[in-house]
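**Student:** using only what follows, build the 3D model:
(chains A and B)
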2 protein chains.
Amino acid sequence: MRFLGSCLIGLLVVGLAASASAAMLGFRDADTQLATEQAFKTRLRSEDQANWARSLTARPHHAGSPQGQANVAFIAQAFESWGFEVDVETFDILLPFPLERELELLAPTSFTASLIEDIVTGDESSAQRDEVLPPYNAFSIDGEVTAELVFVNYGIPEDYELLERYGIDVTGKIVIAKYGRSWRGIKPKLAAEKGAIGTLIYSDPGDDGYAAGDVYPDGPWKNASGVQRGSVMDMPLYPGDVLTPGKPAIKGTRRLKQDQAPTITKIPVLPISYRDAQPLLAALGGEVVPPEWRGGLPITYHLGPGPARVRLKLEFDWQRIEIRNVVARWPGSEFPDEWVLRGNHHDGWNHGAADPISGLVALMSEAKALAGLAKAGQPPRRTVVYAAWDAEEPGLIGSTEWVEKHLKTLDEKAVVYVNTDGNSRGFPSLGGSHTLEPFFNEVANAVTDPQTGVSVAERLRAVISTGEDAERRADLESREDLRLNPLGSGSDYTPFLQHAGIASANLAFGGEGNGGSYHTLYDTYEHYTRFRDPGFVYGVTLSELAGIATLRMANADVLPFRFSGLVDNLQTYLEEITELAETERAAAERVNTLLVSGKYELALDPQKTLGPPRAQPPVPHFNFAPLQNALADLTAVATQLDASLDSNLTPTELVAVNRMLFRSERQLTSVDGLPGRDWYTHQIYAPGFYTGYGVKTLPRVREAIEAQLYEDVDIQIAKTAATLAEFTNYLRDLAELLAEK
Amino acid sequence: MRFLGSCLIGLLVVGLAASASAAMLGFRDADTQLATEQAFKTRLRSEDQANWARSLTARPHHAGSPQGQANVAFIAQAFESWGFEVDVETFDILLPFPLERELELLAPTSFTASLIEDIVTGDESSAQRDEVLPPYNAFSIDGEVTAELVFVNYGIPEDYELLERYGIDVTGKIVIAKYGRSWRGIKPKLAAEKGAIGTLIYSDPGDDGYAAGDVYPDGPWKNASGVQRGSVMDMPLYPGDVLTPGKPAIKGTRRLKQDQAPTITKIPVLPISYRDAQPLLAALGGEVVPPEWRGGLPITYHLGPGPARVRLKLEFDWQRIEIRNVVARWPGSEFPDEWVLRGNHHDGWNHGAADPISGLVALMSEAKALAGLAKAGQPPRRTVVYAAWDAEEPGLIGSTEWVEKHLKTLDEKAVVYVNTDGNSRGFPSLGGSHTLEPFFNEVANAVTDPQTGVSVAERLRAVISTGEDAERRADLESREDLRLNPLGSGSDYTPFLQHAGIASANLAFGGEGNGGSYHTLYDTYEHYTRFRDPGFVYGVTLSELAGIATLRMANADVLPFRFSGLVDNLQTYLEEITELAETERAAAERVNTLLVSGKYELALDPQKTLGPPRAQPPVPHFNFAPLQNALADLTAVATQLDASLDSNLTPTELVAVNRMLFRSERQLTSVDGLPGRDWYTHQIYAPGFYTGYGVKTLPRVREAIEAQLYEDVDIQIAKTAATLAEFTNYLRDLAELLAEK
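**Tutor:** Residues are numbered from 1 along each chain as shown, chains lettered A, B, ... in the order given. From the prediction side, this is the model:
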């Protein structure tokens, strides 16, 4: 028996040496998988995507809307028809709907903002008025404020530093900020911290309007009436239902009182069009803005404050509504308790053609093809979960509540989360956990660009090679893999990656189907199919990219996690923050020296109000050694581990190794979370506390330096190093386990 | 007798060791000179400048106008009244005056350009219509052309390279270009070379209009109707009368036929306002311009060609007119045959308050004060010549013809030429021959900034120190002297420096009295005194700066030429062109490699017309050794010479040494001139053949590399090195003469 047992085990050993015919990370038999992928590709239909998109974008389908509910039924029904086990999981969340929106210029002239978007010829969807959500920012507080106006450029920290040099204090004022340079929710957050009592946000045509290109309907760009809606909840604190941080918004969960919800803004905020912004900006006096603050309106921009005086009134209907995620499972044939998750939200701001339906129909194509393969005898070895999230737009609510509800199960079972959202014609955008960097490079090499016939990876390489960024070009040539972009926030991967510690990716195409329809009334089927991806050609390409990633993760023998690329990226981040400290130190020394010398007073125009910058706290030298040492240890272990992942393993060992592999990302989290925001547990990737969507890698250290909390920096270095050390120990255990083979 | 003679000579020996009380380059007795300068300063009156400016700007005073003639009489009379010997020297030149100017958009819509500038409230001068020159470009050829329009950005070489990538050929088209990035005359020159049949030039509000600041009359910037006039004669070939290159336009000089004058444009060209440009630009189709080509109009900019179709008709009255330079001399009390020249033009485009009257009244102040001192017993030791040039605006004509007429005398006698032109509130702009770099630093240290109370040099240092240009900051701290800007062209120093080889300087204040009045109807007394230099405060400061320079040059014992600073600047220029060659080589290699790899085809949007760049000729390695060796030799000699200029010299020796010093700049010229333009003899400084005003240092070599005439580069290096070697030999002779002391 014993001999026989050994023999049987021997026969079952999975050999991962490169096959003669094709090599694929994690596969013994790449040819079979390649054949599966080929069969998968032939099942993808752009006509399906076009038809589904037409249905799903027929009417506005924001969270809680009748069409949103109809879409949920449509999606669920589709998945059921393909043979999936489908749950519609509901949550009970707080969501504000606009009741009153008033904006007036009271002085020196009077003007009432229209706050509506024009009906345009050739786009019937834009004529929709009954079900449409007018321009507003979700999770603005109610309020009525009247005050002088101040122009704050993009409303980011450096803009307020410059205003201070002009002697301008926004206390008691209403600020008007351009969209851009930060996630929108940062603008009212920072304005409130600076004492402002209201915020207006507008898309300047210099960034997003006629300067960029022909405006809708002549071209894809934002016309004078277009307004970007969007959430302003304080997502860098925590996303999801504002009343249930860290907990699912279900029956039995204790809820915060609305007036204690910390992620609702402190001051009212309203987004407006550049047509509505122009009279307000033109009415500002005070100094002319510095050159780098100019926008594209045909006026001279001034800082204020006043004489423009503005009244802003906002009132919302704060409803408790039911939101509905569609969650469809195809059980794995061999490893049903290992889940490969693939998601895209279904709610839009209005018709939501690009955002999110273009990504959702790509996901549906994948699911239909995978189901077809499964029914034809090629089921996924692991369980594949397709999710269509609700209420992403107001604050990643559907996905966040779902992750919070299923946290324990996900911790056990989630192998990976692959997200998509909007899509358009162009090049691949590859974001994700760097343990999957070689994997996604292989996947991008396996997908053909429909316009050029080369792989999408090769096309992206060509874009970088022919581009103007010399540093990026040199980096491309210095390593084998294209870099994955580290993930900040802005879509549903956030709860998976940054709360649950699940290795995640965010995939899209773009760069050639640009435009200004994002979150406007004009994100319609008409706009999308004219300008962004006519014929859903890149819709199918996205299905191939995300679908092959999903299939490979579902079918791999040894899961394709690798660690040397992560180390290389971490090294880069450490170099960045080391350099950041040096740059800030030199800048502070320069400013302080110049202040002492009195040179600013000599250089500055005495007839202008611009004064010298304030004195800077000196930047001490930090002890980066713990991070350097932690990275050195990790490098050694990662190298060893990556090499030994080719070992032959028994099925039992394989399950254990795979479990350790997919749970490795969990080790990069800390139960303490990040300073001041414990919902965010990941210690490598986080959205910026004062930038929002923009990623901050090694966030404890980077943000302590940026916020000039210099006394904390060494502590944050040590804590981050400790997380890395635990991660290294975890990988060492795995490496030792493999080394015994 | 012999003994006595020796004794007398011994008594008269001029010792230049630093005095205990004050050191001043070239003076044994700095205290006396300082006292003279103090007395000079107290004689300067801002009220004088205001009064003269009011008279001189009362009516338009372009070359050949009645008010221009009245101004000549006014200026001559003033100089005579102060005791100068005054000549009004006339020349007989060709000058075109506009008869017909018509510009129409014929398709796809129709529009007729107004081509007039608005009368604005608060500026009576702007109501002038009878004597005013309407917007036009002097020395445009006559013509009537009808063609499709193409937008060419700034109309500089790199813009045409990009148009070629878009597959756009301007042959047979009319081009419209923004003002800026090159001297205006380059735009029709290059357009014609590319096959265009007409050129429109306009000031884009993104560069010069509401984007920069409040527009006139609310603020100083260009309003929608304002148009920059200006000459478009091919001045980089030769300036001055178009019919008499290199010769004075006087009786007996053989003249070219008008249709053979090479500096008249090949195609008609007209400057227009942004109000007139907008309908034309808005009517263009074709691709949207690349982001860096966008302007500030509230439209989407397209490249064309067409469907905008334009008719342009220009007809000029080509008159032979008399122009009049006022030349006023104060004979030197000791060295009457050593001339210190000081000039500013008197003709304006219209009222010409800033340009040129603000500079001219500063010059008049200086002259009045110098005459006062002279009459009070402190005459200049050298002859001082004050000149008010005519017809600078159409092409440096008055000064050029004068230099051409007096070339031999100037070669013998001219010590230095100090030029001014427009002035305004702010910081000093110090341009000039680098043999005078230490001298002008001393002068700038001796003049107090009226707003801050420090020297104008110190204020400029503070501006650089607090500025964003890190390289310039580092450079400032690496050497004792502020750098002089090398001189290109754009004012009357050009014939002195670049044709006659006379050490020259160009001085102004600016940076805080900005605005868009340049060459418009709005360069008026009203505009100037509201926005540019209220109270002529910096007018007096300019008088101090240029006046002290003039007085020191007039009174110095040993002329304050020094050579180490020149060597340092030459070294910088050599490094620049060496780096230019390397940069161009790397760029060509990169483009060619990418072309071979086919990466452009992969990267570029197949739905757009932008194609790959054309293949570049490979950039060979050049032999810079002759220049490096020449500079090494020069360094040694310059160091020795600078040290020995402190020697004690007899009066006779002094005259000989001074003559060699002031004629040293002549040795930097070559009778061959520059390739293709023998009028320009200076081998170190020249205006760019394809940039115009912008300087090209070491022009033979730099322009050969820029024009990709790679086979010529080593030849140009050798020729430039030969000039430097002759210069070194000349200085060596002087050094040896001094070493014997």
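**Student:** any idea which helix is longest in chain A?
**Tutor:** Criterion DSSP state H: the longest helix present in chain A is helix A:564-597.
**Student:** that one near chain B anywhere?
**Tutor:** Yes. Under the criterion of CB under 8 Å from any CB of the partner chain, chain B is reached by helix A:564-597 at A:Leu594, A:Ser597. The way it works is simple: take the backbone N, C-alpha and C, and place the C-beta from them, glycine included.
**Student:** state the distance from A:Pro612 to A:Tyr166.
**Tutor:** Distance of A:Pro612 to A:Tyr166, computed by CB to CB, to the nearest Å: 11 Å.
**Student:** same check on A:Leu521?
**Tutor:** Noted for A:Leu521: a distance of 36 Å to A:Tyr166, by CB to CB.
**Student:** for the two, work out which one has more neighbours and name it.
**Tutor:** A:Leu521 (32 against 16; other CB atoms under 10 Å in any protein chain shown).
**Student:** quick check: residues of the stretch 501-650 of chain A near chain B?
**Tutor:** Residues of the stretch 501-650 of chain A lying near chain B (CB under 8 Å from any CB): A:Glu512, A:Leu594, A:Ser597, A:Lys599, A:Tyr600, A:Glu601, A:Leu602, A:Ala603, A:Leu604, A:Asp605, A:Pro606, A:Gln607.
**Student:** most surrounded residue in those residues?
**Tutor:** Neighbour counts for these (other CB under 10 Å) peak at A:Leu602, which has 23 neighbours.
**Student:** A:Val152 and A:Asp159 touch, don't they?
**Tutor:** Yes. Between A:Val152 and A:Asp159 there is a contact at 5.4 Å, judged by CB atoms under 8 Å.
**Student:** neighbour-wise, which of the two wins?
**Tutor:** Neighbours were counted for A:Val152 and for A:Asp159 using other CB under 10 Å; A:Val152 has more, 28 against 21.
**Student:** quick check, pLDDT for the more buried one.
**Tutor:** For A:Val152, the pLDDT comes out at 98.
**Student:** the residue nearest to A:Ala107 when sequence neighbours are not counted and chain B, how far apart?
**Tutor:** The shortest distance from A:Ala107 to any non-neighbouring residue, by CB to CB, 6 or more residues apart in numbering or on different chains, is to A:Arg309 (4.1 Å). The gap separating A:Arg309 from chain B is 20 Å, by CB to the nearest CB, to the nearest Å.
**Student:** and the residue of the stretch 1-150 of chain A found nearest chain B, its phi and psi?
**Tutor:** Taking CB to the nearest CB, chain B has its nearest neighbour within the stretch 1-150 of chain A at A:Pro108, 13.7 Å off. When read as degrees, to the nearest 10, the backbone of A:Pro108 gives phi -80, psi -10.
**Student:** cool, and A:Pro98?
**Tutor:** Dihedral pair for A:Pro98: phi -70, psi 130, per degrees, to the nearest 10.
**Student:** tell me how many other residues crowd it.
**Tutor:** Neighbour tally, A:Pro98, other CB under 10 Å: 19.
**Student:** how about it: what's its closest non-neighbour residue?
**Tutor:** The shortest distance from A:Pro98 to any non-neighbouring residue, by CB to CB, 6+ apart, is to A:Tyr136 (4.4 Å).
**Student:** what of A:Ser140?
**Tutor:** The shortest distance from A:Ser140 to any non-neighbouring residue, by CB to CB, 6+ apart, is to A:Val269 (4.4 Å).
**Student:** hmm, back to that, I'd say the residue of the stretch 1-150 of chain A closest to chain B and A:Leu284 touch.
**Tutor:** No. Contact criterion CB under 8 Å: A:Pro108 and A:Leu284 do not qualify, at 9.8 Å.
**Student:** which of the two has more residues huddled nearby?
**Tutor:** With neighbours defined as other CB under 10 Å, A:Pro108 and A:Leu284 compare such that A:Leu284 has more, 24 against 12.
**Student:** what residues are up against A:Leu237?
**Tutor:** A:Pro262, A:Thr263, A:Gly676, A:Arg677, A:Trp679 (CB atoms under 8 Å, 6 or more residues apart in numbering or on different chains).
**Student:** and the helix or strand following the longest helix of chain A, what's its mean pLDDT?
**Tutor:** For helix A:564-597, the following helix or strand on the C-terminal side (DSSP states H and E) is helix A:599-603. In this model, helix A:599-603 carries a mean pLDDT of 97.
**Student:** so which elements touch helix A:599-603?
**Tutor:** The elements that helix A:599-603 packs onto, with contact taken as 3 or more CB pairs under 8 Å, 6 or more residues apart in numbering or on different chains; DSSP states H and E, are helix B:456-465.
**Student:** overlap of the contact sets of A:Val152 and A:Asp159?
**Tutor:** With CB under 8 Å, 6+ apart, A:Val152 and A:Asp159 have common neighbours A:Ala177.
**Student:** for the stretch 601-741 of chain A, give me the ranges with low pLDDT.
**Tutor:** Residues of the stretch 601-741 of chain A meeting the criterion pLDDT under 70: A:741.
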